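> Here's a sequence, model it:
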Amino acid sequence: MADNEGNGNGNGDNPTVEEQLEALKTEMAAKDKDLDRYRNEKGKLSKNMEKLESKIEELQKAAMTEDEKKAAEEEKRLEELVAAKNKLAELEAKNLRLSILTGTDHGLDPVFASQVEGETEDEVLASIEKVKEIQAEVIKRLGAAQPPAGGGSASNPPPPTGGGNPTITKEMIENMSPEELEAFGKKLASGEDKINF
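Residues are numbered from 1 along each chain as shown. Predicted coordinates:
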């Protein structure tokens with residue numbers, strides 16, 4: 001009987017080699033199943049990871065686009081603020097000119113007063129002096145002016161004829177810029193232009 005016990009026929013506590021081999025095969029098959037399941041899960045996780053990375057990249061691109069949109073909106077608001085600031089400065093300069101012109105009698109006719117420029121008080125006062133000089137020259141010329149030659153009336157002057165001095169109307173003076181008004185004053189002084197009101 002000692003021989004039978006040593007062979008491990010399955011009746012004792014020691015399994016036979018065949019039983020051990022069968023147990024190993026079963027264990028290996030279970031491990032193979034576990035390994036296959038792990039590989040499948042790893043594949044699924046890898047695919048999910050790729051999808052998540054792709055989604056993160058899309059969100060980052062979308063976020064950059066939002067940042068760019070915000071930057072464009074801020075730039076537009078800045079441009080609007082600059083335009084509003086410029087308009088405010090223009091209105092303040094106009095208000096300053098009007099307050100200086102109406103606050104003190106500078107002796108300017110409204111037609112000439114509209115030609116005053118400047119953004120600061122000093123600029124406005126200097127412009128008033130220039131316009132006053134032009135106004136004085138116009139008044140001087142008007143005092144010496146004779147009725148238009150060749151017909152017409154003061155309100156409807158005849159058109160200038162070739163070679164003669166051009167006739168200047170009140171409307172023309174009202175529409176002149178300060179620079180044009182200054183140049184006109186010089187032409188009046190030289191006798192190059194005449195005024196017809």
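> The closest residue to Val116 other than its chain neighbours: which element?
Leaving out its chain neighbours, the residue that sits closest to Val116 by Cβ to Cβ, 6 or more residues apart in numbering is Ser127, at 4.8 Å. All C-beta atoms are positioned from the backbone trio N, CA, C, and that covers glycine. Element membership of Ser127, judged by DSSP states H and E, is helix 121-144.
> got the contact list for that helix?
For helix 121-144, contacts defined as Cβ atoms under 8 Å, 6 or more residues apart in numbering pick out 96-97, 100-101, 106-109, 112-113, 115-118, 173, 178, 181-182, 184-185, 188-189, 194-195, 197.
> How is Leu108 classified with respect to secondary structure?
Following DSSP: H, G, I helix; E, B strand; the rest coil, we place Leu108 in the coil state.
> surely it meets Thr102?
No. Counting by Cβ atoms under 8 Å, Leu108 does not reach Thr102; the two are 10.7 Å apart.
> just the angle between the strand or helix carrying Lys61 and helix 121-144, please?
Using DSSP H and E, Lys61 sits within helix 17-103. On the basis of axes from the mean of the first three to the mean of the last three Cα atoms, to 10 degrees, helix 17-103 is oriented at 40 degrees to helix 121-144.
> average pLDDT across the helix or strand just after helix 17-103?
Sequence order places helix 110-113 as the next helix or strand after helix 17-103, per DSSP H and E. Taken as a whole, helix 110-113 carries a mean pLDDT of 80.
> Around Phe112, count how many other residues there are.
For Phe112, the neighbour count with other Cβ atoms under 10 Å is 23.
> Please name the nearest non-neighbouring residue to it.
Leaving out its chain neighbours, the residue that sits closest to Phe112 by Cβ to Cβ, 6+ apart is Gln135, at 4.4 Å.
> Burial check on that neighbour, number of neighbours?
Neighbour count of Gln135, defined by other Cβ under 10 Å: 22.
> Next one: it from Gly185, what distance?
Plainly put, Gln135 is 8 Å away from Gly185 if you go by Cβ to Cβ, to the nearest Å.
> Leu108 and Thr102: who's more crowded?
The residue with more neighbours, out of Leu108 and Thr102, is Leu108; 17 against 10, by other Cβ under 10 Å.
> residues in contact with the more buried one?
Contacts of Leu108 by Cβ under 8 Å, 6+ apart are Leu101, Val116, Ile128, Val131, Lys132, Gln135.
> With respect to Ala30, which of the residues you listed is nearest?
Set against Ala30, the nearest of these by Cβ to Cβ is Val116 (102.7 Å).
> Looks like that closest one contacts Leu101 (just checking).
Yes. Proximity of Val116 to Leu101 meets the contact threshold set by Cβ under 8 Å, at 6.4 Å.
> Neighbour count: these two, which is higher?
Val116 (23 against 17).
> Which helix or strand contains Ile173?
helix 170-174.
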